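Trainee: Just need the structure, nothing else, for what follows:
(one chain, ligands or ions: 1)
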Amino acid sequence: MLISDKMDQAIRSYIEENRDAAVDFYRTLVNLEGRHGEKDCLLKTAEFLRSSFEEAGLRSELLYAGETNAPVVSAVLNENADGKAILFTGHYDTVFAAGSRGSEPFSVDEEGKAHGPGVCDMKGGITIAFFTVKALQALGFDQCPVRLFFVGDEEVNHQGGCAAELIRQESEKILVAFNMEHGLESGEVCIGRPGCYEYKLVIHGVSSHPGHAYDAGRNAIQEMSHKVIALQNCTPKEKDRLYSVSVNTIRGGSAVNCIADYCEAMIDVRVRNFAALEECERKMQEACSQTYIEGTRTELFCTDAMMPFETTPQVESAYASLKRISDAVGGPVTGAVFAGGACDASYFAREGVKILCMCGIRGNYNHNINEYGVISSIYEWMRLYIYAAYNYREFV
Ligand SMILES: [Zn+2]
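Mentor: Next up, the predicted model:
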């Protein structure tokens, strides 16, 4: 492993000299704000990132990601170096409406915690990524390409846009990737997340008068009742189950003196991996294929999908390599976790990329007004990623 006192001195000096510059960049980035739907705001943020990357000497461009979607900001250092790249990825959109917390919402408290929309999720991570790349450039690192790739519509799962396809194209160039989502205070990185799917079940019955034409009716609510139980029973009993099915809303009928000819239910499905999704879907279709009330008709379809971030062998290998480097340099990685929520690491992992998630600033309470990021962790993670770059062969 490439580690020396001289190298460590050079890395520490660079970080020391650039502490304030990193916080200045972080402040500007947070104060630019922007969530999906606020395209002008997000375009300003994208342009700030692109021009910052370009001023630092990287080749940087904005990639079209859809009519209503903010562009992807892409940049590369050492474009002509041989081999595959180290990638720092993430998103620059937040979940907060611009201006909802005053004109300059970024602040730092006396404990060294940054506050403001997106400090933790995930503009602290973008700051770490950019200053890591700047440090590598200043230190003369030229062994392999280093790429930056930040989307502007992650919080809405890229709906209506083509960022997922851009991720697929980016994946082909990558040796190892770090998704700079907020990091845990306890120092673990994320090696998997469940997928979250939404299904709609619709039952069509036959309306009739419950008094003088009872037998002519086909009650959609009655049919639905059987199917709700059958769907709930699709969930495996054991606690460490690979998937779950939960019918969580239901709506049906039109009047109390009218046999219900319509009923619909929304179903939440969580899966650990793609194989579990396949099995779960098969069981759900099977549960819905039986007709209990002759003359009713059933439809089941998926209405929303956030695929799982699967703990592939490539993800496990990326974790083992980063942990080895972190241990060797006294770095911040304490372990690996399977986390809740969804993230873009799922798209990269599906393409076979060695990717880890929650590699960004340590903090808490994302998607919450109390969100914070611990500024000192910017420097700890920068040091680790600089070492990771110099030891990129560990990831091959
Ligand atoms: Zn995020």
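Trainee: For this structure, which segments count as helices?
Mentor: Ranges of helices within the chain are 5-17, 19-32, 39-55, 124-138, 163-171, 220-232, 274-289, 313-329, 345-350, 375-390, based on DSSP state H.
Trainee: can you tell which of those helices is closest to the ion?
Mentor: helix 124-138 (8.3 Å; CB to the ion). Heads up, the C-betas are built off the backbone N, CA and C, glycines and all.
Trainee: Run the angle between that closest one and helix 19-32 for me.
Mentor: 140 degrees (axes from the mean of the first three to the mean of the last three CA atoms, to 10 degrees).
Trainee: Enumerate the residues of the stretch 101-250 of the chain near the ion.
Mentor: 121, 122, 181 (CB under 5 Å from the ion).
Trainee: The same query, at a cut-off of 8 Å, please.
Mentor: Proximity of the stretch 101-250 of the chain to the ion, by CB under 8 Å from the ion, involves residues 121, 122, 154, 155, 181, 182.
Trainee: Check the burial of whichever residue of the stretch 1-150 of the chain sits closest to the ion by counting its neighbours.
Mentor: Nearest residue of the stretch 1-150 of the chain to the ion: residue 121, at 4.1 Å (CB to the ion). Neighbour count for residue 121, taken as other CB atoms under 10 Å: 29.
Trainee: Quick one: residues contacting it.
Mentor: For residue 121, the contacting residues are 94, 95, 181, 182, 363, 366, 367, 371, by CB atoms under 8 Å, 6 or more residues apart in numbering.
Trainee: how close does the third one sit to residue 150?
Mentor: Applying CB to CB, to the nearest Å, the value for residue 181 to residue 150 is 12 Å.
Trainee: And residue 353, how close does it get to residue 273?
Mentor: 16 Å.
Trainee: So between these two, which is more surrounded?
Mentor: residue 353 (25 against 19).
Trainee: Tell me which residues touch that one, please.
Mentor: 87, 171, 174, 176, 177, 314.
Trainee: Now tabulate these in a markdown table and tack on pLDDT and neighbour count.
Mentor: Compiled in a markdown table, the contacts of residue 353 are given as follows (pLDDT from 0 to 100; neighbours: other CB atoms under 10 Å):
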| residue | pLDDT | neighbour count |
| --- | --- | --- |
| 87 | 98 | 25 |
| 171 | 98 | 19 |
| 174 | 98 | 21 |
| 176 | 98 | 23 |
| 177 | 98 | 29 |
| 314 | 98 | 19 |
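Trainee: Just to check, residue 126 is in contact with residue 151?
Mentor: No. Using CB atoms under 8 Å, residue 126 makes no contact with residue 151, being 11.2 Å away.
Trainee: list residues touching both of the two?
Mentor: Shared contacts of residue 126 and residue 151, counting by CB under 8 Å, 6+ apart, come down to 90, 92.
Trainee: Pull out the buried positions in stretch 89-100.
Mentor: 89, 90, 91, 92, 93, 94, 96, 98 (16 or more other CB atoms under 10 Å).
Trainee: and the residues you listed near the ion, which?
Mentor: Counting by CB under 8 Å from the ion, the members of those near the ion are 90, 91.
Trainee: Which of the buried residues of stretch 89-100 fall in strands?
Mentor: 89, 90, 91 (DSSP state E).
Trainee: Just put those residues in TSV and tack on pLDDT.
Mentor: TSV is the format used below for those (pLDDT from 0 to 100):
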residue	pLDDT
89	98
90	98
91	98
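Trainee: For residue 377, state which of those residues is nearest.
Mentor: Distance to residue 377, by CB to CB, is smallest for residue 90 among these, at 15.3 Å.
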